[in-house]
Each structure stands twice: as C-alpha cells, then as structure tokens.
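**Q** Build me a model from this:
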Amino acid sequence: SLVDERSAGYAALGLARELNAPVLLVCTSGTAVLNLSPAVAEAFHQCIPLVILSADRPREKISQFNNQVINQNAPYFNHSKGFFEMPFELRTESELKQALMSVGLLLDEALGPDAGPVHVNVPLLEPLYELLPEPLHLFQLPPRTSFGEEAYGVFDGDLSSRKMMLMLGMGNYDQEVEQVLGDLSSRYELVAITENISNLRSEHGISNPELVLAGASTSELETLAPDLLISFGGQVVSKRLRLFMDSLEDLERLEIQGEATKAIQALFSKQATGDGNKQNHFLESWKTIEKREADRAFNYTTQAPFSNLTAIQKVLSMAPAPCTVHLGNSSVIRYSQLFPAREGMRYFSNRGTSGIDGSVSAAVGAASVSEGLHLLIVGDLSFVYDSN
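**A** Numbering: from 1, shown residues only. Next up is the predicted model:
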C-alpha cells in the first residue's frame, strides 16, 4: 500500500515491466484517480499492461458537494486501451455475467499484441464497510484471441537494393531478434539502431547513434543516410538521430507493430532470400565511425575533470553485472548514450512521456519483485519530485 497514488502508479509500472505481466492498481475515488494519470500515460506509451480498478460514487452524487466525488468517466481517455464502468445496480445473475464479460474483454485488450493500461470504474453505495455476501458467479476469462502473422502486414516493395535502417526503440528484445538481425544483415544493406534502452546488444547494430552523428563529417553523413527507415518499438533517445532522419527529404518511412521477431520476419517474408553472404557496406560505414567516436569519447572522459558526465561514466562502467540500471530522464539518460551498453546489464527509463516524475518509484517497484541488483541513477530534482 503506497499512500501517494502518483508514486503508486509508477511503482506498479516498474512491477509490470520487471515481471512482464499485468499489475492491478486499486484506488479510492476523486483526485486519487487523477493522481494515477502520469503513470497511466507512461504505461500507454511503453505498452505496459496496468489494470486500474477505481472506486466511485453513484452518478447522482456528482456535483452535489459530496466528498471525494468527481466525474470519473474515462479520465484516461487518450492514454488507455479502454474503459468500462460496472453498472451501479446488478439485478440478476445474467446482468452480472454480462458485466464481467465486458471486464474480461477489456483485460484481453490490455494484454493484446499492442498492450497497455485499461480502467474499470466501480460505483459503490453506502454503507461501504459491511461484510461482502458470497459470490453469485465465479467468472473465468474466455480464451485469449490469437494473433497470426497476417496481423503484422507485409511490405510488397523490393528491398534488395535499398539502404535500410531498422530503428529498434525502447523495449526488452530477446535473442531471437538478434538472430533475425544477423540473417538480414548478411542479405541486405541494413543497419539496426539499438540504444541501451532497447536492451539488445548486437554486432549488427549501432548502440551509440548520438556519438556517430556528432562526429561524422558532412561527406560521411551522406554515406550514413538510409533511403528506407523501418521503425519498431518505443522511443529513441538520440535527438541527433531524429533530426538527421527529418533532414532526409526522400526518406521512405515504415512503422511496424506487433511481437518483434514475427513482425520483422513477416516484413521480409516476400523478399528474395539471396545466398546470405552479401557484404553489408552500409553497416560497415556506421560501425567504422562508431568505433572511432567511441574511442574518442573514452579517451576524453578518462582525462576529463570530475563532473556529472565522468561520474555517470564511472558508475556505468564499474557497476557489477548482472544489474538492472534505471536511468532518470534529461541529462542522465543522454549522458548514458555516450558509452557502450554492457553485456549482462539491462537498461530502463520512463521514456514514454519522458516525465521528470516517477523514476524512483518505477525503480523501487521493479526491485521489490527481483532478487537481482538494481541501480538507479537520477538527478536531485527528479528525486525530490518522487520522494514519496
């Protein structure tokens, strides 16, 4: 039980992210519901399944100067996968079954291929403190809907002569994705962007795009420009990368959704396979500059005087692995992009909305259900926002 709903919401987000499972949030009525909003918005943009169960009062109590009463009809309208309000009075077992079926469908929506938070509102009448009667109906969720390959769509254009960038945003990708990248890199002119918060260490990817683009010359930038951008997953941190993509007038963009391995395989399913021994000049260009600029950054930070930058570099390089690293927003997450992601480390940050609040609570929530080491790097102002 966390008394501050804003912190409770982010703690639930951290729990769900660590467990890779839905987490239920229960709150009272009134402003308690609104205080969950920042975490709900963050969960929506990170595709994390939170289930909010809020108490409410009957409709006729709204705007009648009653305590803890506001209009709780879909308060997270733009940042949730759905809303359902339990009927105030259920007169028959059939009505109860129908209401619970609606809740079941909402839960199925929360757990779908594009997961996210959902909200169930429960109006209650006085008295609130009596023993509950025995259940009238034991509800069981219907079987989950299965989503086949057709849900991801297929690209019909020829990709064999394209310079492609696969931008894997914030996520927690598995080794299957790494295997798929290896196969595609041997058949196409393709480079993958895999920042630390994508949690995908790959020799076929670029984990420090900010460094590469900051150090590349004008002529080198021309060789680094793709003609097809395929984006998948959540946010990317690198501002230079976004500006670079926006500067390419003829860049074709393709956004894919769904489970990563199946979505990427479906995208290339109609393409000619080739012999798998193609030299990937596009990836080599990116890798050469990344190696050069990473060495330059390392030499600079080892000689630079003590500062926030050097402190973060030392902590990230010396923290014992395995470890889960929670990065605050603003300067902390941006400094972390200047150093290579390490094997055995997982990296998380609230980049769905990039808010200053919630970093501490999300880290505490994740650590509370984990036996492993969790490391939080956060600025002083962000800590004060979330000190509850």
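**Q** residues contacting the closest residue to Pro49 other than its chain neighbours?
**A** Residue nearest to Pro49 in three dimensions, not counting chain neighbours: Pro22, with 4.0 Å by Cβ to Cβ, 6 or more residues apart in numbering. Heads up, the C-betas are built off the backbone N, CA and C, glycines and all. Pro22 makes contact with Ala16, Pro49, Leu50, Val51, Leu107, Ala110, Leu111 under the criterion Cβ atoms under 8 Å, 6 or more residues apart in numbering.
**Q** if we go to 7 Å?
**A** By Cβ atoms under 7 Å, 6 or more residues apart in numbering, the contact list for Pro22 reads Ala16, Pro49, Val51, Ala110, Leu111.
**Q** Ile52 reaches His119, doesn't it?
**A** Yes - the pair Ile52 / His119 is scored as a contact, 4.4 Å apart, by Cβ atoms under 7 Å.
**Q** quick one: pLDDT of the residue nearest to His374 when sequence neighbours are not counted?
**A** Leaving out its chain neighbours, the residue that sits closest to His374 by Cβ to Cβ, 6+ apart is Ala367, at 3.9 Å. In this model, Ala367 is scored at 97, pLDDT.
**Q** What is the neighbour count of Ala367?
**A** Counted with other Cβ atoms under 10 Å, residues neighbouring Ala367 total 20.
**Q** how close does it get to His326?
**A** Per Cβ to Cβ, to the nearest Å, Ala367 is found 9 Å from His326.
**Q** neighbour count winner among Ile52 and His119?
**A** His119 (27 against 24).
**Q** Distance of the more buried one relative to Ser217?
**A** Taken as Cβ to Cβ, the span from His119 to Ser217 is 51 Å.
**Q** now swap in His374 and tell me
**A** 40 Å.
**Q** And the two? Which one has more around it.
**A** Neighbours per residue (other Cβ under 10 Å) separate His374 from Ser217, with His374 holding more: 18 against 9.
**Q** Just to check, the more buried one is in contact with Ala363?
**A** Yes - counting by Cβ under 7 Å, His374 does reach Ala363; the two are 6.0 Å apart.
**Q** And the buried ones among the contacts of Pro22, selectable in PyMOL?
**A** Entered in PyMOL, the line below selects the buried ones among the contacts of Pro22, by 16 or more other Cβ atoms under 10 Å:
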select buried, resi 16+49+51+110+111
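**Q** Restricted to strands, list the contacts of Pro22.
**A** Val51 (DSSP state E).
**Q** in which helix or strand would I find Asp383?
**A** One thing to correct before we go on: residue 383 is Phe, not Asp. helix 380-385 (DSSP states H and E).
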